[in-house]
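Participant: no FASTA, just this:
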């Protein structure tokens, strides 16, 4: 019977309760049918063995036990019970079976009493650590959590009893998730740990290897006489690896995985200033017979991710520290798509949190301004394309790089504005992301080719020629400018075809570091371009120092170097801001600079170019 019984926790059963205080309504135990019952709650936990006055215990005829309670070794014992009626303490007689269970509590096999208005009485035996730690009702469990019982390890319960209590505790999680403060949350954790610890024998001579499987909790308990060294415990898809012999003298450890505990211990208790998300089950590791939580050597936990596609962010191993999630003593040592390994120097309750940068919410005014800026940018790029295509240029100038740079930027910005949000159609979104990848890489490639052109031109200043067209032939430029990004994108699509497009935008995903298929070439171009510009300026200063070339040619080249360098800063450095948006200022700078690339190209290379001014009949604006 100690593994399967019912609770009776009616407050009116107490021997001091006069039923006339209930408005004269007498209670009755007519529904008893021979089942085993355990008395609990405020009314008491045992039947009284002394005569109870009439009208008490909530009934006209109170029933008390006319005998002594048996010992645990007595097993199931039949004891006489009496009903106090008509001035006689034992006016009615019957019997019940009584037994003392291993947990130190009594069970009674109760039948329907003699007549109506009869009820079984209860009283408080004595206040014990068991009663404080393990009351019957969930509300009582969480209200009277056993802080006085800390360090008491002798309580031992049967597995089914522990499961019943754990189910009661787990059922309170959703209701308590709206509670403010950490008291109730700590009560749930401590009660759960105390319940699991009751499965550990009072001595370490008996081996323990228990598994608890509930809807909201899975627990593993191992230890006792088993001589274990490095121990691996699994609970659900989570694991714990611990050197038990070097940590716990009594050699017992409990490992628990909760299913719904993240509702109670939510990510709101992680104070870091970033947007965060809990991506694992909450787990608890404890040494039931040891007060020490700090370890002589770290323990490793392998936590399964509850989310398959993770946003780019910082994986953080945390533990519950009284009122908040803390990172103290815990580090993430390894991570892949499905699991993360955490190493911690203490035992506690743990979880895995993904920290992400705060998304910059663009207000309506900023979005409106950005649309206007992008529209101006597209118009300027279109004008630059027309100017580079139809304007008569100095034969020394090769505008192939600038023309194709403008074409790539125009198409990239145009497609980005119209297609980057087309996430409903996955195939279309992926295709748009591939095209954008190619066009933006092409833009950087043409900017790089222009830097090479300027470098070759400056080097040629030492050679005096009548008319010299700068740099490479346009055929080679076209081949290099469009084939190089095509190769990079082709390899990227072949290696990781799922890296394009997601549910938020049609651009490169951050999975497996795929964004480096864009960032890698861009970083290479930016670094080598800086080296080219340094070399170009050095060569130009050398030429100016010797003044061996034509003055006009030097003046034109110097201006061209300045314009190209400014173009590199505006076009190249704006993309650096896209990946260093640690503050709203960087975000706004990126929006502005990126949306005005075409405006800059048209302003510097076209509108302020004297050859273009002559072409449009505006020569009077230039003072020579």
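Facilitator: Yep, it's here. Only a predicted model underlies this, so the values are computations on that prediction, with no experimental measurement involved. Numbering: from 1, shown residues only.
Participant: ok, longest strand in this protein?
Facilitator: strand 88-100 (DSSP state E).
Participant: ok, residues contacting whatever helix or strand comes next after that strand?
Facilitator: Downstream of strand 88-100, the first helix or strand assigned by DSSP states H and E is strand 106-111. Strand 106-111 is contacted by residues 1-2, 5, 29, 32-39, 45-47, 69, 76, 94, 96-101, 120 when judged by C-beta atoms under 8 Å, 6 or more residues apart in numbering. C-beta coordinates here come from the backbone N, C-alpha and C atoms, glycine included.
Participant: do the same with stretch 260-274
Facilitator: Residues external to stretch 260-274 that are found in contact with it (C-beta under 8 Å, 6+ apart): 170, 173-174, 176-177, 182, 184-185, 188, 216, 276-278, 281-282, 316, 318, 320, 323-325, 349, 351, 353, 355-358.
Participant: Got a ChimeraX select line for the buried ones in the residues you listed?
Facilitator: To isolate the buried ones among these in ChimeraX, judged by 16 or more other C-beta atoms under 10 Å, type:
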select :170,173,176,177,182,184,185,188,216,276,277,278,281,282,316,318,320,325,349,351,353,355
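Participant: Next, work out how far apart the residue nearest to residue 324 when sequence neighbours are not counted and residue 276 are.
Facilitator: Spatial nearest neighbour of residue 324, excluding adjacent residues (C-beta to C-beta, 6 or more residues apart in numbering): residue 269 at 5.0 Å. The spacing between residue 269 and residue 276, counted by C-beta to C-beta, to the nearest Å, is 10 Å.
Participant: Over to the closest residue to residue 420 other than its chain neighbours: give its phi and psi.
Facilitator: Nearest residue to residue 420 in three dimensions, chain neighbours excluded: residue 506, at 5.0 Å (C-beta to C-beta, 6+ apart). The phi/psi pair for residue 506 (degrees, to the nearest 10) reads phi -90, psi 80.
Participant: Report the contact partners of residue 506.
Facilitator: Contacts of residue 506 by C-beta under 8 Å, 6+ apart are 419-423, 428-430, 432-433, 436, 500.
Participant: Residue 421 too?
Facilitator: Counting by C-beta under 8 Å, 6+ apart, residue 421 has contacts 505-506.
Participant: I'd assumed it was in a strand, is it?
Facilitator: No: using DSSP: H, G, I helix; E, B strand; the rest coil, the assignment for residue 421 is coil, not a strand.
Participant: Would you quantify the distance from it to residue 427?
Facilitator: For residue 421, the distance to residue 427 - C-beta to C-beta - is 16 Å.
Participant: now for the longest strand of the chain, which elements pack on it?
Facilitator: strand 61-65, strand 77-85, strand 106-111 (3 or more C-beta pairs under 8 Å, 6 or more residues apart in numbering; DSSP states H and E).
Participant: ok, now with 10 Å
Facilitator: Judged by 3 or more C-beta pairs under 10 Å, 6 or more residues apart in numbering; DSSP states H and E, the packing partners of strand 88-100 are strand 33-39, strand 61-65, strand 77-85, strand 106-111, strand 118-120.
Participant: What strands line up against it, and which way round?
Facilitator: Taking DSSP bridges as the criterion, strand 88-100 forms sheet pairs with strand 77-85 (antiparallel), strand 106-111 (antiparallel).
Participant: Kindly reformat these as TSV containing mean pLDDT and mean neighbour count.
Facilitator: Formatted as TSV, the strands paired with strand 88-100 follow (pLDDT from 0 to 100; neighbours: other C-beta atoms under 10 Å):
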stretch	mean pLDDT	mean neighbour count
strand 77-85	92	19
strand 106-111	92	20
